[in-house]
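Chemist: Let's see this in three dimensions:
(one chain, ligands or ions: 1)
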Amino acid sequence: MNRRRRIYEGKAKILYEGPEPGTLVQHFKDDATAFNNEKHDVIDGKGVLNNRISEFIFNKLNDIGIPTHFVKRLNMREQLIREVEIIPVEVIVRNIAAGTLSKRLGIDEGTALPRSIVEYCFKSDELGDPMVSEEHITAFGWASPQEIDEMTALALRINDFMSGLFLGIGIKLVDFKVEFGRLYENDLVRVVLADEISPDSCRLWDITTSEKLDKDRFRRDLGGLIEAYQEVARRLGILFENEERPEPSGPVLVKS
Ligand code: TYD
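Modeler: Reported below is the predicted structural model:
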């Protein structure tokens, strides 16, 4: 039974009213979608893993001074966040060619890019998140030129940090998508990182085998999505810390 007021339901998450004004509860569902909702499935345990992985990354980013909406994890599927006004622009950073960039420009997947490339998409499910330029963003008033600069600078700092973080655990950060929001504090407005960062929103390849450890396992029907997300969590050192530890299925040692 959930008697909290539901503010918004997206494809993979639900936002509920938070315990105090200015806060929300972000709930991670097990739903997986791709190709603008054409493909949909429920993958047991995905929400729990994404909640944990996103918490870990947001905490690390907070530690290095990236402002975020994250306050704390509440339970296996939920985190407390600060309410922000979402900027309707998805910021994508790419280090290695993959996905739509490979298709659009005819560059083989896996080709290292000459430098990190930033792209913007307009957040619109009806339109399938079309790629847009800074011109569109400012002309239609989705974000100001200053906000675009802030989002881009933050996205590049996030890329540098996460590239190193994942490299340290034998994973290549191929690309990722981030979203930002406006946080209103008294008379001030700040651009902060919002939404989530998880294998749903990143491409992560094993450094030696190039095995995909991200949502492409679902998009491309490769199977083993949960095992891949678990592997990312395990390498980050965040699996089975406490309540996620599965019930032992084999013989249990009874202490006398
Ligand atoms: P991209 O290759 O543009 O699209 P697709 O995921 O459809 O192949 O995606 C680049 C990265 O950004 C990839 O890691 C997935 C992520 N992304 C999202 O998480 N949500 C989105 O709406 C989009 C467009 C990308």
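
Chemist: wait, what's in contact with the residue of the stretch 1-150 of the chain found nearest the ligand?
Modeler: Nearest residue of the stretch 1-150 of the chain to the ligand, counting by CB to the nearest ligand atom: residue 99, 2.2 Å away. From N, CA and C alone the C-beta is placed, and that goes for glycine too. Residue 99 is in contact with 109, 175, 203, 216, counting by CB atoms under 8 Å, 6 or more residues apart in numbering.

Chemist: ok, and the second one, which helix or strand is that part of?
Modeler: Which is residue 175. strand 171-185 (DSSP states H and E).

Chemist: Give me the neighbour count for residue 163.
Modeler: Residue 163 has 18 neighbouring residues, counting by other CB atoms under 10 Å.

Chemist: before we move on, what SS does it have?
Modeler: Here residue 163 is helix, with the state taken from DSSP: H, G, I helix; E, B strand; the rest coil.

Chemist: Touching, it and residue 173? I think so.
Modeler: Yes: with contacts defined as CB atoms under 8 Å, residue 163 counts as touching residue 173 at a distance of 4.8 Å.

Chemist: Now do the shared contacts for these two.
Modeler: Joint contacts of residue 163 and residue 173 (CB under 8 Å, 6+ apart) are residue 95.

Chemist: which ones are touching the residue lying closest to residue 70 once chain neighbours are set aside?
Modeler: Across the structure, with CB to CB, 6 or more residues apart in numbering as the measure, the residue nearest residue 70 apart from its sequence neighbours is residue 58 (3.9 Å). By CB under 8 Å, 6+ apart, the contact list for residue 58 reads 68, 70, 193, 197.

Chemist: out of those residues, who's nearest residue 237?
Modeler: Among the contacts of residue 58, residue 197 lies closest to residue 237 (CB to CB), at 16.6 Å.

Chemist: Return the distance of the spatially closest residue to residue 53 that is not a sequence neighbour relative to residue 162.
Modeler: Closest residue to residue 53 apart from its sequence neighbours, by CB to CB, 6+ apart: residue 198 at 4.8 Å. The gap separating residue 198 from residue 162 is 12 Å, by CB to CB, to the nearest Å.

Chemist: residues contacting the residue positioned nearest the centre of the chain?
Modeler: For the chain, the residue nearest the mean C-alpha position is residue 197 (2.3 Å; CA atoms, centre = their mean). In this structure, residue 197 makes contact with 53-54, 57-58, 158, 162, 176, 178, judged by CB under 8 Å, 6+ apart.

Chemist: what about it, is that helix, strand or coil?
Modeler: Following three-state DSSP, residue 197 is assigned to coil.

Chemist: Please apply the same query to residue 230.
Modeler: Residue 230 is classified as helix under three-state DSSP.

Chemist: when you check the ligand, which of the contacts of residue 99 turn up near it?
Modeler: 175, 203 (CB under 6 Å from any ligand atom).

Chemist: Can I get the contacts of residue 99 in JSON lines including secondary structure and neighbour count?
Modeler: Compiled in JSON lines, the contacts of residue 99 are given as follows (DSSP: H, G, I helix; E, B strand; the rest coil; neighbours: other CB atoms under 10 Å):
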{"residue": "109", "secondary structure": "coil", "neighbour count": "16"}
{"residue": "175", "secondary structure": "strand", "neighbour count": "24"}
{"residue": "203", "secondary structure": "strand", "neighbour count": "22"}
{"residue": "216", "secondary structure": "helix", "neighbour count": "21"}
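
Chemist: out of the contacts of residue 99, which one sits closest to residue 130?
Modeler: Relative to residue 130, and with distances defined as CB to CB, the nearest of the contacts of residue 99 is residue 175, at 17.4 Å.
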